[in-house]
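Participant: Pasting the sequence and the predicted coordinates here, then a few questions.
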Amino acid sequence: MPIDEIDRQIIQATQAGLPLVREPYQAVAEQLGLSAQVVMLHMAEMQQTGVIRRIAAVPNHYKLGYRYNGMTVWDVEDSHVDELGQKVAKLSFVSHCYQRPRHLPDWPYNLFAMVHGKTEADAEQQVAIIAELLGEQASSHEVLYSTKILKKTGLRIGG
């Protein structure tokens, strides 16, 4: 779906993030000379059409004290990956969980779940809980810990 000029202005005004103020949509509206209602309407339409995938906070886990951020990867039967993924995703400490294709013979894993611990023991306990939940349905797993912070950005449109 093509975007109009107002959409483009809203994307440019918010691509680095919404303002950290009490009424962020009002702040964007004032910056653009629009009403907050128009900004929210356009953002909702862009979300419905897929121009904007989601509006969410992106925490810096390191600044929040979480030093052990690990992507757990699991080898589960493809026929059970949706069901098992939904169970893992419901765990309060899993920030995101998804399925990815295997790349055999080097990469047998198809279920991914991100965990965050303030200590290595915290993270390992979370991995153990996932392992217990999956039981024998997971034939193997690994934990890939972050070694640096990657900048997370979405769509960028030049001014």
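Facilitator: Thanks, I have the structure now. This structure is a prediction, so every number in the text was calculated from the model and none was measured.

Participant: mind checking how far the residue nearest the centre of the chain is from Met114?
Facilitator: Nearest residue to the geometric centre of the chain (C-alpha atoms, centre = their mean): His96, 5.7 Å. Going from His96 to Met114 by C-beta to C-beta, to the nearest Å gives 5 Å. (Glycine included, C-beta is placed from N, CA and C.)

Participant: One more: Tyr62?
Facilitator: Taking C-beta to C-beta, one finds Tyr62 at 14 Å from Met114.

Participant: what's around Gln126, how many residues?
Facilitator: 23 (other C-beta atoms under 10 Å).

Participant: ok, now the one 10 residues further on?
Facilitator: Residues near Glu136, counting by other C-beta under 10 Å, number 5.

Participant: sorry, back to before: just confirm the residue nearest to the centre of the chain is within a strand.
Facilitator: Yes - assessed by DSSP: H, G, I helix; E, B strand; the rest coil, His96 belongs to a strand.

Participant: residues bridging contact with Tyr62 and Met114, i.e. touching both?
Facilitator: With contacts defined as C-beta atoms under 8 Å, 6 or more residues apart in numbering, the residues shared by Tyr62 and Met114 are Asn69.
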